[in-house]
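J.: sharing a model that was predicted from the sequence below.
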Amino acid sequence: LQVSRTPSQPAAGSESRRFGNKHSKKALKASLTLGILLGMFFVAWLPFFVTNVTQAVCGCVPAGFFDVLTWLGYCNSTMNPIIYPLFMRDFKRAMGKYLPCCRRSGEPRPSAISLSMRNSNSGPRAATSLKNVL
């Protein structure tokens, strides 16, 4: 039994390859972002925790050095809002949509009702009375 190839089969193969390539690029970018975030976290907080344990064991760490390491960790926390928009398009869009300073001119401001309906995962509902709820 011999199966002949139709013209649609190679197109489906190239389509899946293109989808796989796009998916792998997204996965690579997500891995890069996660690597940068975790790397910065460890660089900022690991010296603090090692010094904290050392201080508990021998008490030989100067207070000024301990304060510098604590502030290094705090600086990491201030870097996260900068890193997320640089590497995550969805985060950048959300900031632009909801923060007035980042909104493009001409974009309408979302209302509180539309935000609450969007967050509740439901559409418009008929008004219910307290009697119906109880």
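T.: Right, received. Where do you want to start?

J.: how about the helices of this protein, start to end?
T.: 8-58, 63-87, 89-98, 112-119, 130-133 (DSSP state H).

J.: now render those as JSON lines, adding mean pLDDT and mean neighbour count.
T.: In short, each C-beta sits where N, CA and C put it, glycine included. Below are the helices of the chain laid out as JSON lines (pLDDT from 0 to 100; neighbours: other CB atoms under 10 Å):
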{"stretch": "helix 8-58", "mean pLDDT": "80", "mean neighbour count": "12"}
{"stretch": "helix 63-87", "mean pLDDT": "87", "mean neighbour count": "13"}
{"stretch": "helix 89-98", "mean pLDDT": "79", "mean neighbour count": "13"}
{"stretch": "helix 112-119", "mean pLDDT": "53", "mean neighbour count": "10"}
{"stretch": "helix 130-133", "mean pLDDT": "51", "mean neighbour count": "6"}
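
J.: quick one: residue 90 from residue 26, how far?
T.: In this structure, residue 90 and residue 26 are 11 Å apart, going by CB to CB, to the nearest Å.

J.: got it, and residue 58?
T.: Residue 58 is 48 Å from residue 26, by CB to CB.

J.: got it, and residue 73?
T.: 31 Å.

J.: list the residues that contact the residue nearest to residue 40 when sequence neighbours are not counted.
T.: If the residues on either side of it in the chain are set aside, residue 40 comes closest to residue 76, at 5.7 Å by CB to CB, 6 or more residues apart in numbering. Taking CB atoms under 8 Å, 6 or more residues apart in numbering, we find residue 76 in contact with 40-41, 43-45.

J.: residue 97: which of the residues you listed is nearest?
T.: Using CB to CB, residue 40 comes nearest to residue 97 of the contacts of residue 76, at 26.3 Å.

J.: so that closest one makes contact with residue 83?
T.: Yes - Residue 40 is in contact with residue 83 according to CB atoms under 8 Å; the separation is 7.2 Å.

J.: now stretch 52-62 - C-alpha only, CSV.
T.: The C-alpha trace of stretch 52-62 is given here as CSV (Å, rounded to 0.1, in the frame of the first residue of the first chain):
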residue,chain,number,x,y,z
ASN,A,52,24.0,36.8,58.9
VAL,A,53,25.0,33.2,59.7
THR,A,54,28.6,34.2,60.2
GLN,A,55,27.6,36.9,62.6
ALA,A,56,25.5,34.4,64.6
VAL,A,57,28.4,31.9,64.9
CYS,A,58,31.4,34.1,65.6
GLY,A,59,30.1,37.7,66.0
CYS,A,60,33.0,39.1,64.0
VAL,A,61,31.1,41.0,61.3
PRO,A,62,31.3,44.8,61.5
